[in-house]
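[1] Fold the stuff below for me.
(4 chains)
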Protein chains: 4
Amino acid sequence: MIQVAVAGASGYTGLELLRILLRHPEVTITAVTSEQHDGKPVNEVFPGFVDTGSLVCRSLKSADLAKRADVVFTALPHGTAMQTVAEVVDAGKRAIDISADYRLHDLATHEKTYGTHARPDLLAKAVYGLPELHREAIRGAKLVANPGCYPTGAILALAPLLREGLIDPGAIIVDAKSGVSGAGRSASVEMLFSEIHGSIKAYKIAEHRHTPEIEQELSEVAGRPIVISFTPHLVPMDRGILSTIYVTPKQGADIAGAYAAAYKDEPFVRVLPHGQVPSTGHVLGSNYALIGWRSDPRTGRAVIVSAIDNLVKGASGQAVENMNLMCGIPETTGLTQLPLFP
Amino acid sequence: MIQVAVAGASGYTGLELLRILLRHPEVTITAVTSEQHDGKPVNEVFPGFVDTGSLVCRSLKSADLAKRADVVFTALPHGTAMQTVAEVVDAGKRAIDISADYRLHDLATHEKTYGTHARPDLLAKAVYGLPELHREAIRGAKLVANPGCYPTGAILALAPLLREGLIDPGAIIVDAKSGVSGAGRSASVEMLFSEIHGSIKAYKIAEHRHTPEIEQELSEVAGRPIVISFTPHLVPMDRGILSTIYVTPKQGADIAGAYAAAYKDEPFVRVLPHGQVPSTGHVLGSNYALIGWRSDPRTGRAVIVSAIDNLVKGASGQAVENMNLMCGIPETTGLTQLPLFP
Amino acid sequence: MIQVAVAGASGYTGLELLRILLRHPEVTITAVTSEQHDGKPVNEVFPGFVDTGSLVCRSLKSADLAKRADVVFTALPHGTAMQTVAEVVDAGKRAIDISADYRLHDLATHEKTYGTHARPDLLAKAVYGLPELHREAIRGAKLVANPGCYPTGAILALAPLLREGLIDPGAIIVDAKSGVSGAGRSASVEMLFSEIHGSIKAYKIAEHRHTPEIEQELSEVAGRPIVISFTPHLVPMDRGILSTIYVTPKQGADIAGAYAAAYKDEPFVRVLPHGQVPSTGHVLGSNYALIGWRSDPRTGRAVIVSAIDNLVKGASGQAVENMNLMCGIPETTGLTQLPLFP
Amino acid sequence: MIQVAVAGASGYTGLELLRILLRHPEVTITAVTSEQHDGKPVNEVFPGFVDTGSLVCRSLKSADLAKRADVVFTALPHGTAMQTVAEVVDAGKRAIDISADYRLHDLATHEKTYGTHARPDLLAKAVYGLPELHREAIRGAKLVANPGCYPTGAILALAPLLREGLIDPGAIIVDAKSGVSGAGRSASVEMLFSEIHGSIKAYKIAEHRHTPEIEQELSEVAGRPIVISFTPHLVPMDRGILSTIYVTPKQGADIAGAYAAAYKDEPFVRVLPHGQVPSTGHVLGSNYALIGWRSDPRTGRAVIVSAIDNLVKGASGQAVENMNLMCGIPETTGLTQLPLFP
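    Alright, predicted model coming up:
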């Protein structure tokens, strides 16, 4: 059994990690942390976890995670995770960081986006944990930077097309719509039920911090710098990201072929037949990503739509996928749950 | 492997059965029926079922379920299920009926509530499939009548108290609130998104058809006729039933003791400490039932609250639980998924 | 024109007051306060108020409301309102208090429920602002305590029956379901979108602070002490309170007659024919209260259902209704907007 | 008083017309039709319309609208409206058609989009009822084709920029997100609550019938053929359309200036300061359109966001605005209600 710890267990990504790990056949959870619920049994924090037995939340400070686990998941706020991850890696254990602290390879870009970085040395060693792009590197990694939710949906849709040079690299627009759980579980007026329900809004237009992360990965597969327009929206639902992506395919581009080549053996990506597009309801609570698209001869553009559950493939499910890879067990272990509908 | 068939696979309870059965380690699905989607692969009916392979919907007429499966689940409308169930049982196979066709033991009550019954002989043999009350009978049953969603939530909360004679049997009020999936998946104006969203309503006050079903089971455990007030409400959410139940405990009644005695070894029922009550969000997508209660010395009443997912413990999960019992495999097999939150 | 001020304009009841008052033909808003938005124009606080012109939020301390308005509405938290109301009344102006600070006539009950009261002298003079019960007193009042949202729905449904002695006064159960805006607009984890959406819960069972308020008014109309069971629930919707009320009518009780006598000339209450009950969607954004009921011969009980918009008839609309009465203009002025559907 | 009739009063746009017209100070409603509710009083069809008195639904056939009203609103399905409108206009009365039957000036485009047209002569005379573009023509019109909901949001955002030649006319992408009421009130599985709630989807990519309508109006203001990418999405909310629009401004384009010139005196359009964008919650239940935008120097694009309530400015409110213009009364009469929040 793999001994794992979850730092930051009472947020939405932390609870989602617990939901998956508590039923993972190869895992024993040896420690969970929560500042807010220090000392409380997990099933008191969330009564739906009916059989967590003696698992009790500890404060991060006292938890000594590196000693208590082989793999530590950090579901902590950006900035806070940085140090915990470093301690784990310095102690020779593996870290899977769900925060953004180790995602951007370029230090200058990181510091412009998120502020100073305490451990540029580790930043250079972190592997970007999108298995569909970096599976082999993840297998050998000590530190995996788990992708952001928006980047997961956008990169999976665009990477095959850019790798094959099928689309105009200067004409990419990602219009993304997310459920609200992605905003986290901190008290705020902006995320109150009545501020969100019955309304949709765009936010952080032309300045969302996931933009450089998407561009980093797309540039790498394209072999040239990619700059995109990225607009996130907040939708009155709990989970799910729908990315509607506008591209301009080159003459004769074989989009279907590129997707088939990229994903026909991928366990968690499914490409729909031309003209069919997924909704977020098709992936609710599952680790699968669905991709569909439709060409528009009238405009010369194609519209690609990808759907993921932001808390699963967009966060905690993908983190467990990375753990499976790092630990040499089958990648799908504990992750094949089908979506809830409705 | 148990060969199972699902009749009526494209409704909400049918799809939920598929969701569970497709990941059940002891089950092979050999046939699914859908009149509306006759001939379509299941993963075209619902793209979220990503790996259903060659499973194709057939019309009920042509499916010959009794020949193709050891256990047949009927997730068909009331009245329609009756005949299919009979064919299965007559052919010596096992049937688990999610409709109401075989739930009421008393023929007169059935006919008053649902209309004439084609097979009173089978009605007399059907076992009411609430494992917490009838586990042994279910193990040996050929025909299990799977409980209704409202009855499951109400009976689990009330049976221990009535069995022990702890409450006034004439002062029971069940005020239940349900998500909308319980209304099924037929086209109707009343169930359109915009009719339901942003509003709550009571319906079928003093005349809902689940009332005699609740009373049948409560009367049996109480050993005397029980008549209750039952008011269902429709809440703008997909899943979940919250039953708020008003009772008048007798002097010195040990409610906590009665619940502990009834449920301490039950795999799918959890009772919260006095004063804590569950929300439906605590059971979303899971087969667990949570029960909490609070005494009110001011009024002499106690308020009991139970929460289930109407599609899981209230329908398809419980149906699989019954299958597990009928087939002699561990009752929890394939059913231990924890709730989604949020 | 009546010069009015709104203290606490950026909460949900405050904004609702502005929505109504900005279109009220007899009103000029001369001051609004908001600690959080001190110095900001109102149309920056909420861009949907497109033509608020030069109206700017001030801090309560600096606003000097008693000098700037004839009528001051206090949409402040309980406890905070107390002092502002007192200053207004002491200065000879009229106050309409939407908080609970002046609702309970009995000082001991107030202090047990809400803590100490700074101005018992004013408490004794405050008029409970439910026009259907106290219209004449409101007309002459200097200080109106605007009713709570739950009490408005419950009292309107029960008062006519208790006044006429038609029901068993010891067997009243109010099971109420509220939209989330009633919880106010303060940052909290419990009211985050993802905590509320897709789930229903009961809260403060047997201890909600609106219970003594309901009992105060019902006891007064009944001419004897009334004790009720009251259970509030939080429903995933923005607005609306549905009260499902269980009563035991006496032999031959003429419920229809009692309602007709009480409400046939009331401008904001409508009683539906026997057997029809309202949903909260029937009153969304309007000041109307709808009441329906159904007798249940099987149990000897009757079920009454009332629906109001908690922010309008349950708060700010009723506050303006009280202002209209206090200022001698037609009671319905500015309040006849029909509900949004959907 | 203007005598008006509403054909198709029981759908969402029809009910919204009634909501507005019942409180319009210059209007008397003389007839309403509903096939489904023929013979029923309006307040039985929707109990929230508390004081509709003797207004009773009639079948369209028997209603003889042209005789009973000066202005007839047709809130009927596409195709059905065509004949009713013709009868009204032939009889010398005014028609405001909320269907799409008279919106496209070009017969070939109409027939390709919606099928054959029975009255091409009237099609040629119909005025496209967007007051911000065609106010003078509307004043003199006998037949106004009320704009579609998506076109209203998109055209208001784009027209000023295209008129001034500020943006690349070949690089316009409209990614629109709509509440569900726009889909109408017919029974269908696809619009059931549980199909929509908790999920977002794109639909009719590259083939939505509002595309030629948007292009017709934009081409007219641009003075050249405009072809756009238009992708509608269905969001789990009742009302509201958010249009996120990607454009490529020319060097030095004064977007703020163009909007100010176009809208500074418009009663129902508000433009936010640069960088602020509206949500649909800012216009819920109101006839106002809000527009915001943000330039993105990194990509050279600008992102424009417009928000309307699809049932008000996107349908019935705008229809009444057109009626006001046609009848020579102030354009804002009966339409200044502020948005509900929340």
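
[2] quick one: the strands in chain A?
    A:2-7, A:27-33, A:57-58, A:71-74, A:94-97, A:127-128, A:143-145, A:173-178, A:201-202, A:229-234, A:241-247, A:269-271, A:289-296, A:301-308 (DSSP state E).

[3] A:D97: how many residues sit nearby?
    Using other C-beta atoms under 10 Å in any protein chain shown, A:D97 is surrounded by 29 other residues. C-betas here are computed from N, CA, C, even on glycine.

[4] my guess is it meets A:P147, correct?
    No. Judged on C-beta atoms under 8 Å, A:D97 makes no contact with A:P147 at a distance of 10.7 Å.

[5] What parts of the stretch 1-150 of chain A come near chain B?
    Residues of the stretch 1-150 of chain A lying close to chain B (C-beta under 8 Å from any C-beta of the partner chain) are A:12, A:15-16, A:19, A:22-23, A:46-50.

[6] now for the helix or strand of chain A with the lowest mean pLDDT, which elements pack on it?
    Every helix and strand of chain A was ranked by mean pLDDT, DSSP states H and E. The lowest is helix A:60-63, at a mean of 86. Under the contact definition 3 or more C-beta pairs under 8 Å, 6 or more residues apart in numbering or on different chains; DSSP states H and E, helix A:60-63 sits against strand A:2-7, strand A:27-33.

[7] picking that back up, out of the residues of the stretch 1-150 of chain A next to chain B, which are buried?
    A:12, A:15-16, A:19, A:22, A:46-50 (16 or more other C-beta atoms under 10 Å in any protein chain shown).

[8] If we only consider these, which is nearest to chain B?
    Minimum distance to chain B across those is 4.0 Å, recorded for A:G48 (C-beta to the nearest C-beta).

[9] Check the gap between the closest one and C:K177 for me.
    To C:K177, A:G48 is 22 Å away according to C-beta to C-beta, to the nearest Å.

[10] From chain C, how far out is the residue of chain A positioned farthest from its centre?
    The C-alpha centroid of chain A is most remote from A:R298, which lies 34.7 Å away (C-alpha atoms, centre = their mean). Look at A:R298 and chain C: by C-beta to the nearest C-beta, to the nearest Å, they are 34 Å apart.

[11] try A:V247
    For A:V247, the distance to chain C - C-beta to the nearest C-beta - is 32 Å.

[12] Look at that residue and report its pLDDT.
    pLDDT, A:V247: 98.

[13] what about the nearest residue to it once chain neighbours are set aside, neighbour count?
    Setting aside the residues directly before and after it, A:V247 is nearest to A:I167 in space (C-beta to C-beta, 6 or more residues apart in numbering or on different chains), at 4.3 Å. By other C-beta under 10 Å, 24 other residues sit near A:I167.

[14] who's A:I167 bridged to?
    Using DSSP bridges, the beta-bridge partners of A:I167 come out as A:P249.

[15] ok, now which ones touch A:D70?
    For A:D70, the contact set (C-beta atoms under 8 Å, 6 or more residues apart in numbering or on different chains) comprises A:2-4, A:93-94, A:327.

[16] Buried only: go through those residues for me.
    A:2, A:4, A:93-94, A:327.

[17] Please identify the residues of the stretch 51-200 of chain A in proximity to chain C?
    Neighbours of chain C within the stretch 51-200 of chain A, by C-beta under 8 Å from any C-beta: A:179-181, A:185-189, A:191-198.

[18] Of the residues you listed, which are in range of chain B?
    Within these, those near chain B by C-beta under 8 Å from any C-beta are A:181, A:198.

[19] From the residues of the stretch 51-200 of chain A next to chain C, which land in helices?
    In helices, defined here by DSSP state H, the members of these are A:193-196.

[20] If we go by neighbour counts, what in stretch A:317-327 is buried?
    For stretch A:317-327, by 16+ other C-beta under 10 Å, it's A:317-327.

[21] and those residues, which of them are in helices?
    Filtering the buried residues of stretch A:317-327 for helices - DSSP H - leaves A:317-326.

[22] that older thread, what's near enough to touch the residue farthest from the centre of chain A?
    Residues in contact with A:R298 (C-beta under 8 Å, 6+ apart) are D:206, D:227.

[23] ok, so of the buried ones among the residues of the stretch 1-150 of chain A next to chain B, who is nearest chain C?
    Nearest to chain C among those, counting by C-beta to the nearest C-beta, is A:Y12 at 6.7 Å.

[24] Name the nearest residue to that closest one, ignoring sequence neighbours.
    Per C-beta to C-beta, 6+ apart, closest to A:Y12 is A:S181, 4.6 Å.

[25] for A:A124, same thing?
    Nearest non-adjacent residue to A:A124, counting by C-beta to C-beta, 6+ apart: A:H105, 7.3 Å away.

[26] A:L166 too?
    Ranked by C-beta to C-beta, 6+ apart and with sequence neighbours excluded, the top spatial neighbour of A:L166 is A:A253, at 3.8 Å.

[27] Can you check the pLDDT for the one you found?
    Predicted confidence (pLDDT) for A:A253: 98.

[28] Am I right that A:I20 is in contact with A:V320?
    Yes. Contact status for A:I20 versus A:V320: in contact at 5.2 Å, counting by C-beta under 8 Å.
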